[in-house]
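Colleague: Quick one, what's the 3D model for this:
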Amino acid sequence: MPANIQVILQSDVHNVGKSGELVKVRPGFARNYLLPRSLAVPATTAQINRLNHDKAVAIARAEKAKKEAQELAQKIGALQIKIARPVGEEDRLFGSVTAKDIENAVHAAGLAAFDRKKMTLADAIKALGTYEIPVKLLTDVTATLKVEVVRK
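Modeller: Residues are numbered from 1 along each chain as shown. Purely as a prediction, here's the structure:
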């Protein structure tokens, strides 16, 4: 009887591994716990090939998403948004410029793929001036949106 057998995990198992990993476990653990609960499948040649194919597809999909995010970051970086608002004394706005207002201005400028939830706007803008707003598209792709609030 083999000392260890290989299985492919179907879901995360504490102290064993994460979903999709090829791990070596004791035969009794696999036979009595992992396989009956559908937490793992035996590591046959076909299953290993399927696992490798799924990993390759996931890597290709991630690379494509990163490339699209970088292209969007370049478009956002080249964009200069002007928002006109009525102002009172000391150049204070009546109301404020919110993330929704900025999103509408970006969409009007022709960038439909922009999502305001990815902006990091600490507080609403309440004064005239030029602001640089970071936009986090992916974990490692960040763009800077330039917003200028002008007198109406």
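
Colleague: For the rest of this, base every contact and every neighbour count on C-alpha atoms.
Modeller: Will do.

Colleague: So in terms of bridging, what pairs with Val141?
Modeller: For Val141, the beta-bridge partners are Leu138 (DSSP bridges).

Colleague: and the gap between it and Glu63?
Modeller: Note on Val141: its distance to Glu63, by CA to CA, to the nearest Å, is 12 Å.

Colleague: same check, this time on Tyr33
Modeller: Counting by CA to CA, the gap from Tyr33 to Glu63 is 36 Å.

Colleague: Likewise for Ile76?
Modeller: Distance of Ile76 to Glu63, computed by CA to CA: 20 Å.

Colleague: ok, those two, which is more surrounded?
Modeller: Neighbours of Ile76 and Glu63, each counted by other CA atoms under 10 Å, are more numerous for Ile76; the result is 20 against 12.

Colleague: isn't there a helix covering that one?
Modeller: Yes - looking at Ile76 with DSSP: H, G, I helix; E, B strand; the rest coil, it is inside a helix.

Colleague: Give me the contact list for stretch 8-21.
Modeller: With CA atoms under 8 Å, 6 or more residues apart in numbering as the test, stretch 8-21 has contacts from 22-23, 38-43, 47-48, 51.

Colleague: Tell me the most packed of the residues you listed, by neighbour count.
Modeller: Among these, Ala40 has the most neighbours (other CA under 10 Å), with 25 neighbours.

Colleague: so that one bridges to which residues?
Modeller: Beta bridges link Ala40 to Leu9 when assigned by DSSP bridges.
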